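[1] sequence first, predicted coordinates after that:
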Amino acid sequence: MSLIDQRDAFSHFRRCAEEAPDGCFEEARALSDVISEASAFLMRDLRAIGLEAVSGDAALNLEAAIYAYARASNPGESMFEAAESFGASMASPEREQVNAAAVVARDQVRRPPKAQEEKFTFTMPLHAEPPIPQHIKNAAQVLSKVY
């Protein structure tokens, strides 16, 4: 990925992190914060040892390189492409529809699971006592007369 491509991808990513509706793209927001802090930390430490640490394009290039590193280190992570696409759409006429769709998707994910319906339990109907065989009844009668 060229430096220009890195900057474009990072620019879209950062726009997503800054402009996505609350509760959407939280991972992108967190990574954006990490990148900003890492860049600021490096610039502060460079200055602490007496070196120059310019801001502007050079700082943006640094952040874009950190972003490219994070993206390359996580090739299966779909958050990067989704955030870049979302960020790119923030400059399009469809911005409001994209934001509305993001809110709907967020609400679908946040929706508490439906209360479990009471499960139907099948129980066998209770029957009367099983019939007593006639020979046992006869024996019982005989024994009751004897005793």
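    Perfect, thanks for sending it.

[2] quick one, helices of the protein?
    Along the chain, the segments classed as helices by DSSP state H run 3-19, 26-48, 57-73, 79-89, 95-110, 134-146.

[3] least confident of those, on average?
    The weakest mean pLDDT among the helices of the chain belongs to helix 134-146, with a mean of 68.

[4] so which residue is dead centre in the protein?
    A centroid search over the chain (CA atoms, centre = their mean) returns Val109, at 7.6 Å, as the residue closest to the centre.

[5] so how far is Arg15 from that one?
    22 Å (CB to CB, to the nearest Å). Where you see a C-beta, it was placed from the backbone N, CA and C, and this is true even at glycine.

[6] cool, Ala28 as well?
    Applying CB to CB to Ala28 and Arg15 gives a distance of 10 Å.

[7] who has more neighbours, those two?
    Ala28 (23 against 20; other CB atoms under 10 Å).

[8] dump the residue contacts of the more buried one.
    13, 16-17, 20, 79, 83 (CB atoms under 8 Å, 6 or more residues apart in numbering).

[9] and what of Ala105?
    Cys24.

[10] and what of Glu63?
    Taking CB under 8 Å, 6+ apart as the criterion, Glu63 is in contact with 10, 14, 35-36, 39.

[11] now do Val103
    21, 24.

[12] distance check, it against Glu96.
    Separation of Val103 from Glu96 (CB to CB) stands at 11 Å.

[13] same deal with Ala9?
    Separation of Ala9 from Glu96 (CB to CB) stands at 24 Å.

[14] more neighbours: which of these two?
    Ala9 (21 against 9).

[15] do I have it right that that one meets Ala65?
    No: with contact defined as CB atoms under 8 Å, Ala9 does not reach Ala65; the gap is 11.2 Å.

[16] straight-line length of stretch 18-32, end to end?
    One end of stretch 18-32 sits 9 Å from the other (CA to CA, to the nearest Å).

[17] good, wrapping up.
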